[in-house]
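K.L.:
Provided below are the primary sequence and the corresponding predicted coordinates.
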Amino acid sequence: MSTASGRAGGSLFLGAAIAIAVAVFAGFAGFARNYYLRAWIGTRAITPMVHVHGLVMTAWIVLFVIQALLVAKHRVDLHRGLGIAGAGLAAVVFALSVYTIAGSIQRQQPGAGAKVFAELFVAFDGISLLVFACLVIAALANRRRPESRKRLMLGAGISLLPPAFGLLVAYFTHDNVEIAVLGLMYASAIACVLLDSWRHHRFHPALVVPALMILASNQLTYVAQIVTP
């Protein structure tokens with residue numbers, strides 16, 4: 001890869017990482033009001049688990065952007081060092097998110113059987129969470145292939161967007177939120193693939209496959225949301 005191409009690629013992934021961070025912050029603006037800005041405009045009491053969830057997700061998004069910045073600046077040494085911390089943090093994100101989904105299911109359907117639990121797990125973006133885990137693991141397996149690793153991590157970042165998009169859409173309307181989120185996820189995944197292929201003059205499987213996984217998981221989530229009572 002030429003230096004110019006490498007810089008273009010780095011700026012693309014940095015821009016995508018920043019866009020993901022902005023989308024998450026915008027979607028969770030209500031949460032931000034009671035967490036980040038609690039001392040000034042917070043209006044709602046928050047539990048210790050919410051504190052933990054906010055801290056972990058904030059750390060993940062910040063690290064995600066920092067890693068993209070280090071790639072853009074060609075600081076491979078620092079990028080690899082932080083990668084170890086990122087792997088551990090990703091595991092915490094996954095475990096905490098599963099715990100949160102399970103808690104939501106138990107509150108909504110106390111004593112839910114395995115079938116109902118599975119249906120609600122899908123409806124509550126559980127499949128997107130599994131996609132996130134698979135892509136992070138694949139990125140770790142490709143740690144010596146930076147061109148593949150950074151695309152896999154971009155896919156992992158996109159896979160976490162549905163809850164933020166859901167809250168963002170709900171600020172404007174409560175009608176057809178599910179289809180709006182599905183459309184935003186399609187747009188996000190397809191836009192990244194097209195921009196990457198335009199910059200590098202080819203479709204890279206390390207981004208195309210994650211995009212297809214994201215689209216399939218969100219399609220399943222949409223179906224589960226509209227059929228689950």
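P.N.:
Nice, thanks for sending it over. A quick note: this is a predicted structure, and the numbers were derived from the prediction, not measured.

K.L.:
what's the longest helix in the protein?
P.N.:
helix 76-108 (DSSP state H).

K.L.:
Not counting the following helix or strand past it itself, show me its contacts.
P.N.:
Downstream of helix 76-108, the first helix or strand assigned by DSSP states H and E is helix 114-123. For helix 114-123, the external contacting residues (C-beta atoms under 8 Å, 6 or more residues apart in numbering) are 101-102, 104-105, 108-109, 112, 127, 220-221, 224-225, 227-228. Every residue, glycine included, has its C-beta placed from N, CA and C.

K.L.:
Need the max-distance pair from those residues.
P.N.:
Comparing all pairs in the contacts of helix 114-123 by C-beta to C-beta, the longest separation belongs to 102 and 227, at 20.6 Å.

K.L.:
of the two, who's got more company?
P.N.:
More crowded of residue 102 and residue 227, by other C-beta atoms under 10 Å: residue 102, with 16 against 10.

K.L.:
who are the neighbours in contact with that one?
P.N.:
Taking C-beta under 8 Å, 6+ apart, we find residue 102 in contact with residue 121.

K.L.:
what's the answer for residue 203, then?
P.N.:
Going by C-beta under 8 Å, 6+ apart, residue 203 touches 193, 196, 197.

K.L.:
got the phi/psi numbers for it?
P.N.:
phi -90, psi 120 (degrees, to the nearest 10).

K.L.:
for the chain, which spans come out with low pLDDT?
P.N.:
Of all residues in the chain, those with pLDDT under 70 make up the ranges 1-10, 28-51, 229.

K.L.:
go again using 80 as the cut-off
P.N.:
Within the chain, the segments meeting pLDDT under 80 span 1-12, 26-55, 74, 76-77, 79-81, 111-113, 171, 228-229.

K.L.:
quick one: the helices in it?
P.N.:
Going by DSSP H, the chain shows helices at 3-27, 29-34, 38-41, 48-72, 76-108, 114-123, 126-141, 146-159, 162-172, 177-200, 205-227.
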